[in-house]
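**Q** generate coordinates for the sequence data below:
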Amino acid sequence: MDAVFYAFVVFLFAAAVLAIEGAYLWWMGTHGAAARRVARRLQVMSGSPGRSGERISILKQRPFSRHAAFDRLLHRVKLAHRIDALLVQAGATTTVGQFLAWSAGCMGGVVLLSFAWPLPAPVRIVVAALGLVLPWILLRRARQRRLLRIEQQLPDAADFIARALRAGHSFSNVLQIVGNELSEPLSGEFRIAREEINYGVPMNEALHAMAARIPLTDLRYLIIAVLIQRESGGNLAEILGNISQIIRARLKLVAHVRVLSAEGRMSAWILGLLPFCVLGVMLVSNPQYVSMLWTEPKGQRMLWYSLGMLLVGVVWLRKIIRIRI
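**A** Numbering: from 1, shown residues only. Got it, this is the predicted structure:
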């Protein structure tokens, strides 16, 4: 009798679980998010306006966040679009929402770390600002390194395109060949342009989009030469060969200028970091001695004056050693 009762309870429990699972699957299949998306697409394809008149966009749009509401909010902010442009130019796979989360996390971590020392409120604010801008600095450095790598690849890419055009290939096929043969990161940009052209984007728009993703003057010269040749004709292979020679000569001049200004850049780094390094060593070795800078009114004034003079000196040295070519 007990075995029959226990078997009945087990089967009843299994039947209840299966019934709940079946109801859940039916609800998700008829009223879930995926079912609603399929229904909207079928309405658009059939020409039916639907209840709300909603239209589905087929334009490519980069998501700023995994959460739909936060993504819509970020798309309305201009700063989010600038951050997304920096992420694209740096070749990062991070979304804008993740980058903002990293910035807030760095700021919170630096603020918590600053509580280990008796620092005044203005210094804590400066430390929090430094923690907030740290991911921005790293992102801009990654962008600069990637653009520098692409700039070094441009002469070889121009020569490669010129040789492929002399061999009889069309320009759209040349984009595919360059995307397959060259190394990253330039090959990936050419593959993106080729895929956009295959999806029906006009060639001039695809090339302008590539110029927006890679804000380099040399690349814009190359793209302008291609667009002018498509409208007015001419020997594109010869033009690209001349452009590659100009780019190589400019890169050679840039390298020569960097060698001549290396001493000034090293002096700027040493003079800019030395006060902070000395302050950190003194905080670790004798914090009471250096605490007079923020506990005494005269020390606070000296601290702010020194920070202002240090900022002016860094800006002045940057203007001296930064030579645009």
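**Q** so for the helix or strand harbouring Asp156, mean pLDDT?
**A** If you go by DSSP states H and E, Asp156 is part of helix 121-166. Helix 121-166 carries an average pLDDT of 85.
**Q** what about Ala206, how many neighbours?
**A** Look at Ala206: counted by other CB atoms under 10 Å, it has 21 neighbours. Glycine gets a C-beta too; all of them are placed from N, C-alpha and C.
**Q** what do you get for Arg324?
**A** 5.
**Q** mind checking the SS state of it?
**A** Under DSSP: H, G, I helix; E, B strand; the rest coil, Arg324 falls in the coil class.
**Q** how near is it to Arg250?
**A** 11 Å (CB to CB, to the nearest Å).
**Q** try Leu293
**A** Leu293 is 47 Å from Arg250, by CB to CB.
**Q** which of the two has more neighbours?
**A** Leu293 (19 against 15).
**Q** and that one, what pLDDT?
**A** For Leu293, the model assigns a pLDDT of 77.
**Q** test my guess that it contacts Trp304.
**A** No - Leu293 lies out of contact with Trp304 (CB atoms under 8 Å); the separation is 9.9 Å.
**Q** residues that sit against both of those two, list them.
**A** Among the neighbours of Leu293, none is also in contact with Trp304 (CB atoms under 8 Å, 6 or more residues apart in numbering).
**Q** and this protein, what are its domains?
**A** With domains defined by automatic domain parsing, the chain comprises 2-46, 75-144, 145-254, 262-321.
**Q** endpoints of the longest one, how far apart?
**A** For domain 145-254, the separation between the terminal residues is 15 Å (CA to CA, to the nearest Å).
**Q** do the second one as well
**A** Start to finish, the residues bounding domain 75-144 are 25 Å apart (CA to CA).
**Q** what's the answer for the last one, then?
**A** Across its full length, domain 262-321 reaches 8 Å end to end, with CA to CA as the criterion.
**Q** show me where the stretch 201-325 of the chain has its helices.
**A** Per DSSP state H, counting those that start in this stretch, the stretch 201-325 of the chain carries helices over the ranges 203-213, 217-232, 236-260, 262-285, 287-290, 292-295, 297-321.
**Q** buried ones in the very next helix or strand once past the helix holding Asp156?
**A** The helix or strand immediately downstream of helix 121-166 is helix 171-181, counting by DSSP H and E. Neighbour-count burial for helix 171-181, counted by 16 or more other CB atoms under 10 Å, picks out 171, 174-179.
**Q** what's helix 171-181 in contact with?
**A** Contacts to helix 171-181, defined as CB under 8 Å, 6+ apart, come from residues 157, 160-161, 164-165, 169, 186-188, 190-191, 193-194, 197, 203, 226, 230, 236.
**Q** how far does the helix holding Asp156 sit from its chain's centre?
**A** 9 Å (CA atoms, centre = their mean, to the nearest Å).
**Q** what's the angle from it to helix 203-213?
**A** Relative orientation of helix 121-166 versus helix 203-213 (axes from the mean of the first three to the mean of the last three CA atoms, to 10 degrees): 150 degrees.
**Q** ok, Tyr289 - contacts?
**A** Tyr289 makes contacts with Met282, as judged by CB under 8 Å, 6+ apart.
**Q** tell me where the stretch 1-150 of the chain has helices.
**A** Using DSSP H, counting those that start in this stretch, helices in the stretch 1-150 of the chain cover 2-31, 33-46, 68-75, 78-90, 96-114, 121-166.
**Q** okay if I get those helices as a markdown table plus distance to Arg220?
**A** Putting the helices of the stretch 1-150 of the chain into a markdown table (distance: least, CB to CB, whole Å) gives the following:
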| stretch | distance to Arg220 |
| --- | --- |
| helix 2-31 | 50 |
| helix 33-46 | 38 |
| helix 68-75 | 27 |
| helix 78-90 | 14 |
| helix 96-114 | 26 |
| helix 121-166 | 11 |
